[in-house]
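Student: Quick one, fold the following:
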Amino acid sequence: MLRRWLVMGGMLWLCAGCASHHYITNNHDSVTLYLRLADADHVQFASSIDKYELHDSRKNGLGFWEINQAITPGSKYFYIVDGVAYIPDCRFKENDDFGSENCLYQP
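Tutor: Take a look at the predicted model:
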């Protein structure tokens, strides 16, 4: 299992399965997802946990888009970046019913 230590917001985070621009940190009852896309103007998050309802993420001071969500193991997710579906470099992926893939959350 790939593990990296990240320094974000002055805190040290252990991140399992980190990619160069997509990170997930586990909280008590939710996860925080980070996505680094410097040129993006609007990033939304969608997951199977709530039938792919779109949730706006916010850009933090380090240039990462971040969102905190209650997401369970096995949930599928992806982003909408400036109106276009975006699948980041995630550790686990699953094919969807439309000929594409979704990320699969596995802590």
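
Student: Please count neighbours and contacts with C-alpha atoms only from this point.
Tutor: OK.

Student: List the buried residues for stretch 82-91?
Tutor: When neighbours are counted by 16 or more other CA atoms under 10 Å, the buried residues of stretch 82-91 are found to be 86, 87, 88, 89, 90, 91.

Student: Export those as a markdown table, with columns for secondary structure.
Tutor: As requested, those are arranged in a markdown table below (DSSP: H, G, I helix; E, B strand; the rest coil):
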| residue | secondary structure |
| --- | --- |
| 86 | strand |
| 87 | coil |
| 88 | coil |
| 89 | coil |
| 90 | coil |
| 91 | coil |
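
Student: which one is residue 37 nearest to, not counting chain neighbours?
Tutor: Sequence neighbours aside, residue 64 is the residue nearest to residue 37 in space, at 7.0 Å (criterion: CA to CA, 6 or more residues apart in numbering).

Student: Verify the stated contact: the one you found with residue 36.
Tutor: Yes - with contact defined as CA atoms under 8 Å, residue 64 and residue 36 form a contacting pair (4.5 Å).

Student: Describe which strands the helix or strand harbouring residue 34 pairs with in its sheet and in which direction.
Tutor: Under the assignment given by DSSP states H and E, the secondary-structure element containing residue 34 is strand 31-35. Strand 31-35 has the following sheet partners, assigned by DSSP bridges: strand 22-26 (antiparallel), strand 65-69 (antiparallel).
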